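Novice: Any chance you can model this:
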Amino acid sequence: MSEENLPEKKFRAGAITATIWKNPSKNGDGEYNTISFERSYKDKEDKWQTTNSLRVNDLPRAKLVLEKAYEYLVLNKEE
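Specialist: Numbering: from 1, shown residues only. Coordinates of the predicted model:
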């Protein structure tokens, strides 16, 4: 039975989301983080979809969630 990789943290501003994931290293001696980034929208059939493409008005929110993700990772890094 494999464990599902759940997000460590999500930052959302409107339709824009940055998600932090914790991943095991390939050689098994630690972990590293990755950040995924997406915009949610409703399609013509009124169903929710996601994309990595942004509109110009999405940029301020994208900047905000990415800064929050970076801040979270830097401030929570174990030394």
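Novice: use CA for all of it now, contacts and neighbours both
Specialist: Will do.
Novice: And the helices in the protein, which stretches?
Specialist: Ranges of helices in the chain, per DSSP state H, are 59-75.
Novice: For the protein, which strand extends over the most residues?
Specialist: Assignment by DSSP state E gives strand 31-42 as the longest strand of the chain.
Novice: if you average pLDDT over that one, what comes out?
Specialist: For strand 31-42, mean pLDDT rounds to 94.
Novice: How about the residue nearest the centre of the chain, nearest residue that isn't a chain neighbour?
Specialist: Geometric centre of the chain, nearest residue: T19, 1.9 Å, by Cα atoms, centre = their mean. For T19, ignoring the flanking residues on the chain, the nearest one in space by Cα to Cα, 6 or more residues apart in numbering is K10 at 4.4 Å.
Novice: quick one: the one you found and I20 touch, right?
Specialist: Yes - in this structure K10 lies within contact range of I20 using Cα atoms under 8 Å: 6.2 Å.
Novice: rewinding a little: show residues contacting the longest strand of the chain.
Specialist: Strand 31-42 is contacted from outside by 15-25, 48-54, 69, using Cα atoms under 8 Å, 6 or more residues apart in numbering.
Novice: Can I have the buried ones of those as a ChimeraX selection?
Specialist: To isolate the buried ones among the contacts of strand 31-42 in ChimeraX, judged by 16 or more other Cα atoms under 10 Å, type:
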select :16,17,18,19,20,21,69
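Novice: From D46, how far off is E8?
Specialist: E8 sits 29 Å away from D46, taking Cα to Cα, to the nearest Å as the criterion.
Novice: out of those two, which sits in the more crowded spot?
Specialist: E8 (12 against 8; other Cα atoms under 10 Å).
Novice: so who does the more buried one touch?
Specialist: T19, I20, W21, K22 are the contacts of E8 under Cα under 8 Å, 6+ apart.
Novice: Please name the bridge partners of the second one.
Specialist: In this structure, I20 has the following beta-bridge partners (DSSP bridges): K9, I35.
Novice: starting at the chain centroid, how far to stretch 24-39?
Specialist: 12 Å (Cα atoms, centre = their mean, to the nearest Å).
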